[in-house]
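A.B. asks: Build me a model:
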Amino acid sequence: MPNAPMNKNSPAVDDFVGITHDQFFDDLRTSRENMLGEKKLMLRILEDGIHLYQKYSIATNGSKKRLYLQLKAWIMSHNRSWVFSFENICEAFNLDPSYIRRGIRRLVPEDRKD
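C.D. replies: Model (predicted):
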């Protein structure tokens, strides 16, 4: 089932610039108490993945750079074979993965050069 595009009231990709990690996830967090365990886990994976991707985007070597590159590969992958793939997690929350990727890439300096 394809993801629904972001609706007309959704922010533009430019609106990602200047928002905090917490602001991005506020809407999803408000319903967390009513989520099943699997969806709570998926939300936590998505939150942590995006947070650490941004945090370590400036790493130049070592384990932090390696983690950044692994997270970049996870976010940019279109593979849906793993239940916790970026694509599957976005779909579970009715988020368009391409839209989320564009926003994330705007926030990470290295990716703006791509």
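
A.B. asks: When you work out contacts or count neighbours from here on, use the C-alpha atoms and nothing else.
C.D. replies: Noted.

A.B. asks: M76 contacts Y99, correct?
C.D. replies: No: M76 is beyond contact range of Y99, at 11.6 Å (criterion: CA atoms under 8 Å).

A.B. asks: biggest helix in the chain, by residue count?
C.D. replies: Identified as the longest helix of the chain according to DSSP state H is helix 37-55.

A.B. asks: what about I89, how many residues close to it?
C.D. replies: Residue neighbour count, defined by other CA atoms under 10 Å, stands at 21 for I89.

A.B. asks: ditto for R101
C.D. replies: By the criterion of other CA under 10 Å, R101 has 17 neighbours.

A.B. asks: Now do the same for it: its pLDDT.
C.D. replies: On the pLDDT scale, R101 is placed at 93.

A.B. asks: Please identify the helix or strand for it.
C.D. replies: Following DSSP states H and E, one finds R101 within helix 97-107.

A.B. asks: in that helix, what's buried?
C.D. replies: Across helix 97-107, burial judged by 16 or more other CA atoms under 10 Å covers 97-98, 100-101, 103-107.

A.B. asks: Any idea which helix or strand in this protein has the lowest mean pLDDT?
C.D. replies: Least confident element among the helices and strands of the chain, by mean pLDDT, DSSP states H and E: helix 109-112 (a mean of 58).

A.B. asks: so what secondary structure elements neighbour the helix holding R101?
C.D. replies: helix 86-92, helix 109-112 (3 or more CA pairs under 8 Å, 6 or more residues apart in numbering; DSSP states H and E).

A.B. asks: Out of those, which gets nearest to T60?
C.D. replies: Taking CA to CA, helix 109-112 is the member of those nearest to T60, at 11.0 Å.

A.B. asks: now G103: how far from K55?
C.D. replies: Note on G103: its distance to K55, by CA to CA, to the nearest Å, is 15 Å.

A.B. asks: about what we covered before: for the longest helix of the chain, buried residues please.
C.D. replies: Quick answer for helix 37-55 (16+ other CA under 10 Å): 40, 42-43, 45-47, 49-51, 53-54.
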